[in-house]
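Undergrad: turn this into a model:
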Amino acid sequence: MNTNDRILVETMVRKAIKDIKNSPERGTRNIIDFALNFANGRFQQEFLKTAQKMFENENSQYFRMIRDIVFNVNTEKLIT
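TA: Numbers count the residues shown, from 1 in each chain. A predicted model of the protein is given here:
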């Protein structure tokens with residue numbers, strides 16, 4: 001990934017974390033959609049497509065996990 005792509009991705013991840021803190025469901029779906037644009041290889045694409053399906057259910061316990069992560073893990077650690 002070149003420097004410009006890295007800066008773009010970091011900026012989007014920072015925004016996504018902020019969005020997830022405000023709305024875990026919407027923010028999580030948005031970052032997965034964004035990540036699909038940068039997925040290299042079949043495995044990454046398949047993983048993200050599976051995640052999309054898991055997060056279609058707004059009652060998914062994974063949203064609770066995501067919420068716990070963004071509120072309890074250092075943001076800089078999440079970005080890296």
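Undergrad: residue ranges of the helices in the chain, please?
TA: Assigned by DSSP state H, the helices in the chain fall at 3-22, 24-36, 41-54, 61-72, 75-79.
Undergrad: of these, which stretch is the most buried?
TA: Comparing these by mean neighbour count (mean count of other Cβ atoms under 10 Å), helix 24-36 ranks first with a mean of 18. No exception for glycine: its C-beta is placed from N, CA and C like everyone else's.
Undergrad: list the contacts of that helix.
TA: With contact meaning Cβ atoms under 8 Å, 6 or more residues apart in numbering, helix 24-36 is reached by 12-13, 16-21, 45, 48-49, 51-52, 55, 58, 62-63, 66-67, 70.
Undergrad: and that helix, how far from the chain's centre?
TA: 5 Å (Cα atoms, centre = their mean, to the nearest Å).
Undergrad: same question, stretch 68-78
TA: The chain centroid and the centroid of stretch 68-78 are separated by 12 Å under Cα atoms, centre = their mean.
Undergrad: just stretch 36-54 next, same as before
TA: 11 Å.
Undergrad: could the helices of the chain be laid out in CSV, adding mean pLDDT?
TA: Shown next, in CSV, are the helices of the chain (pLDDT from 0 to 100):
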stretch, mean pLDDT
helix 3-22, 90
helix 24-36, 90
helix 41-54, 94
helix 61-72, 92
helix 75-79, 90
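Undergrad: just give me the residue closest to the centre of the protein.
TA: Nearest to the geometric centre of the chain sits Ile31, at 3.7 Å (Cα atoms, centre = their mean).
Undergrad: state the distance from that one to Thr3.
TA: 21 Å (Cβ to Cβ, to the nearest Å).
Undergrad: same check, this time on Asp68
TA: Taking Cβ to Cβ, one finds Asp68 at 33 Å from Thr3.
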